[in-house]
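In: I need the structure of the sequence given here:
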Amino acid sequence: MSQITGSCWYLLAIERNDTCWKNACKEVERCNTHFLYCANSNKHMPGYDSWRNVSEGVLKSRCYVEDGSSEFSYGIFSQAIESDIVASIEVFPKFCYCLWWGLQNLRYKISTIAVVNTYV
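Out: As a prediction, this is how the structure comes out:
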């Protein structure tokens, strides 16, 4: 159960990061949201080279999380963004992090249920 919870949380963290990137891209006139995805053949799109020169600065300035704060509101996903688990290409650390997050939150839910049952 915890791995399912952690996996859903991880996917939603990716979605939240993607939303930040899209918002940051909309604020820059040289950006096309298609530039953000690897599957598109970006290199052949007009304007890609100029976007590539400024992309890292734009995305980091608007979507970077440090000490739990960011221009963009990540909510419960800020921990995943700040830890760089979303940006990592390593599968095993992602799996362990998601499992840890799921176990941590299930433990909290179980302790809350136990307290409620005690008073009922």
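In: From now on I want contacts and neighbour counts done on CA atoms only, so please keep to that.
Out: Noted.
In: any low-confidence regions in this protein?
Out: Low-confidence segments of the chain, defined by pLDDT under 70: 1-2, 39-43, 68, 107-120.
In: can you give me the strands in this structure?
Out: Under the criterion DSSP state E, the chain carries no strands.
In: ranges for the helices of it?
Out: 2-26, 48-63, 78-82, 91-119 (DSSP state H).
In: contacts for stretch 55-64?
Out: Stretch 55-64 is contacted by residues 17, 20-21, 24-25, 70-72, 81-82 when judged by C-alpha atoms under 8 Å, 6 or more residues apart in numbering.
In: Now for those: which two are most distant?
Out: C25 and E82 (20.1 Å; C-alpha to C-alpha).
In: Between these two, point out the one with more neighbours.
Out: C25 (22 against 18; other C-alpha atoms under 10 Å).
In: Could you pull up the residues touching the more buried one?
Out: C25 neighbours (C-alpha under 8 Å, 6+ apart): 31-33, 58-59.
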